[in-house]
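Asker: this one's structure only:
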């Protein structure tokens with residue numbers, strides 16, 4: 001008797017990639033260790049209930065309708081690959097770096113999206129990673145040819161995605177320690193989208209799990225995240241997350257690429273700092289926070305059309321909301337007064353692994369207006385505490401390059417190449 005086929009859950013692997021065209025599968029470019037990756041292919045069912053002279057109420061035919069895939073993912077937040085989830089949910093991503101020589105200014109404005117040359121006050125060698133502009137206007141590219149001219153210099157670059165004014169900074173940057181800021185996309189578009197769609201890019205996710213014929217894998221395309229919750233507890237937890245997404249129903253890919261995992265490791269929550277009514281430093285740092293959650297939800301509804309396919313025509317995103325929870329030791333009544341007075345202070349959460357250079361990893365959550373909607377006194381432990389929940393208010397401070405308003409901004413610090421997340 002042959003042994004039955006079994007497939008250990010410990011052998012599963014998860015890979016992903018940003019899609020160039022939504023719904024067109026892409027081979028994995030990154031791997032994501034997870035503690036949970038659950039999926040459910042959900043066809044709709046159409047019943048033929050037309051009577052046939054039979055004393056019954058069951059269907060005379062059950063016909064498969066359209067299909068959708070649902071995903072639930074959990075795990076530690078690896079602060080390099082985690083940016084793919086954030087980029088998919090928020091859409092607006094701006095990277096900045098640490099400047100080094102040579103530094104100069106743009107001698108002429110960039111007035112056309114897709115420009116492949118810039119005019120610089122300084123000569124910059126071919127293959128140099130440079131940052132043009134600062135803040136939300138910043139753009140990082142690697143020069144793609146030798147400079148020409150005697151000053152100003154024409155510097156070949158890949159097609160630019162932003163416009164830049166004359167006189168802004170253009171500088172070489174270090175190859176590590178980038179800051180990737182994620183905000184709500186309010187204009188522009190992700191890959192393969194119409195220019196006015198305000199839609200983030202989509203992902204292909206591939207899971208090796210065993211039973212699938214041939215490759216042993218299942219692949220999900222047009223993945224759209226609808227919820228991400230970051231969680232921390234200074235005493236007991238790493239920084240972790242849980243997430244939900246929808247996609248086209250799974251298919252079996254021709255092969256399952258070998259995973260290549262990040263060298264990053266998760267970060268213990270005790271390393272964090274929290275600020276209220278200001279940054280998480282100096283006089284506005286609060287040292288009594290014990291745990292917290294930050295939940296970002298986005299509506300998304302698959303739209304089906306008569307196109308000869310059970311898959312959606314596309315999965316448009318709607319609005320983004322942000323909510324939070326934090327438990328404090330009650331050193332005073334500040335959390336209660338924030339709620340009673342509806343003060344809505346700035347809220348900043350900062351977490352870093354404390355390393356430097358290529359090994360530096362960090363996360364920062366900024367909510368410029370954090371409304372305390374509940375501040376409940378917790379008197380069931382050794383000391384009095386405050387269990388607080390809240391919502392965020394849309395504001396311009398947390399907005400990105402696409403402008404408008406955003407309820408929050410999440411920033412990752414790592415050495416992932418700028419532009420990878422979108």
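Answerer: Nice, thanks for sending it over. As the structure is a prediction and not an experimental result, all values here were calculated from the model.
Asker: Mind jotting down where the strands sit in the stretch 1-150 of the chain?
Answerer: 13-18, 30-31, 36-48, 61-76, 91-96, 99-105, 117-120, 129-132, 139-142 (DSSP state E, counting those that start in this stretch).
Asker: Pick the most deeply packed of the ones you listed.
Answerer: Burial of the strands of the stretch 1-150 of the chain is given as mean neighbour count (mean count of other Cβ atoms under 10 Å); strand 91-96 ranks first at a mean of 24. Where C-beta positions appear, they are placed from N, C-alpha and C, glycine not excepted.
Asker: now for it, which elements pack on it?
Answerer: helix 82-90, strand 178-184 (3 or more Cβ pairs under 8 Å, 6 or more residues apart in numbering; DSSP states H and E).
Asker: Tabulate those (JSON lines), appending distance to residue 40 and mean neighbour count.
Answerer: Formatted as JSON lines, the helices and strands packed on strand 91-96 follow (distance: least, Cβ to Cβ, whole Å; neighbours: other Cβ atoms under 10 Å):
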{"stretch": "helix 82-90", "distance to residue 40": "19", "mean neighbour count": "25"}
{"stretch": "strand 178-184", "distance to residue 40": "27", "mean neighbour count": "24"}
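Asker: now the ones you listed as JSON lines including distance to residue 137?
Answerer: Shown next, in JSON lines, are the helices and strands packed on strand 91-96 (distance: least, Cβ to Cβ, whole Å):
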{"stretch": "helix 82-90", "distance to residue 137": "18"}
{"stretch": "strand 178-184", "distance to residue 137": "12"}
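Asker: all strands for the stretch 301-422 of the chain, in order.
Answerer: Counting by DSSP E, counting those that start in this stretch, the strands of the stretch 301-422 of the chain are 317-329, 347-352, 362-367, 370-378, 385-392, 409-414.
Asker: Specify the stretch among the strands of the stretch 1-150 of the chain that is closest to residue 210.
Answerer: Checking the strands of the stretch 1-150 of the chain against residue 210 by Cβ to Cβ gives strand 13-18 as the closest, at 10.6 Å.
Asker: Would you format the strands of the stretch 301-422 of the chain as a markdown table with mean pLDDT and mean neighbour count included?
Answerer: Output for the strands of the stretch 301-422 of the chain, formatted as a markdown table (pLDDT from 0 to 100; neighbours: other Cβ atoms under 10 Å):
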| stretch | mean pLDDT | mean neighbour count |
| --- | --- | --- |
| strand 317-329 | 97 | 19 |
| strand 347-352 | 98 | 23 |
| strand 362-367 | 98 | 23 |
| strand 370-378 | 98 | 18 |
| strand 385-392 | 98 | 21 |
| strand 409-414 | 98 | 23 |
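Asker: Output these as a markdown table; include the columns distance to residue 38.
Answerer: Shown next, in a markdown table, are these (distance: least, Cβ to Cβ, whole Å):
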| stretch | distance to residue 38 |
| --- | --- |
| strand 317-329 | 22 |
| strand 347-352 | 27 |
| strand 362-367 | 25 |
| strand 370-378 | 31 |
| strand 385-392 | 27 |
| strand 409-414 | 24 |
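Asker: Ok, which of those comes nearest residue 199?
Answerer: Using Cβ to Cβ, the nearest of the strands of the stretch 301-422 of the chain to residue 199 is strand 317-329, at 5.9 Å.
Asker: chain center to the closest one, what's the gap?
Answerer: Put simply, strand 317-329 sits 15 Å off its chain's centre (Cα atoms, centre = their mean, to the nearest Å).
Asker: circling back to that earlier point, which one of the strands of the stretch 301-422 of the chain lies closest to residue 59?
Answerer: strand 317-329 (33.8 Å).
Asker: which helices and strands sit right next to that closest one?
Answerer: strand 289-300, strand 385-392.
Asker: export these to JSON lines and tack on distance to residue 150?
Answerer: Formatted as JSON lines, those follow (distance: least, Cβ to Cβ, whole Å):
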{"stretch": "strand 289-300", "distance to residue 150": "50"}
{"stretch": "strand 385-392", "distance to residue 150": "52"}
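Asker: one step back: among the strands of the stretch 1-150 of the chain, which comes closest to residue 364?
Answerer: Judging the strands of the stretch 1-150 of the chain by Cβ to Cβ, what sits closest to residue 364 is strand 91-96, at 12.8 Å.
Asker: In its sheet, which strands sit next to the closest one, and in what direction?
Answerer: According to DSSP bridges, strand 91-96 forms sheet pairs with strand 178-184 (antiparallel).
Asker: any idea of the mean pLDDT in the partner strand?
Answerer: Mean pLDDT, computed over strand 178-184, is 98.
Asker: Not counting that strand itself, show me its contacts.
Answerer: With Cβ atoms under 8 Å, 6 or more residues apart in numbering as the test, strand 178-184 has contacts from 83, 86-87, 89-97, 136, 140, 320, 398-400, 402, 404-416, 418, 421.
Asker: Report the next helix or strand after it in sequence order.
Answerer: Using DSSP states H and E, the helix or strand that follows strand 178-184 towards the C-terminus is strand 203-208.
Asker: how much does the helix or strand following that following strand deviate in direction from strand 362-367?
Answerer: Moving toward the C-terminus from strand 203-208, the next helix or strand (DSSP H and E) is strand 217-233. Put simply, strand 217-233 runs at 70 degrees to strand 362-367, going by axes from the mean of the first three to the mean of the last three Cα atoms, to 10 degrees.
Asker: Off-centre distance for strand 217-233?
Answerer: Distance, centroid of strand 217-233 to centroid of chain: 9 Å (Cα atoms, centre = their mean).
Asker: just stretch 154-171 next, same as before
Answerer: 26 Å.
Asker: residues of it that come out buried?
Answerer: Using 16 or more other Cβ atoms under 10 Å as the test for burial, stretch 154-171 gives 154, 155, 157, 160, 162, 164, 169, 170, 171.
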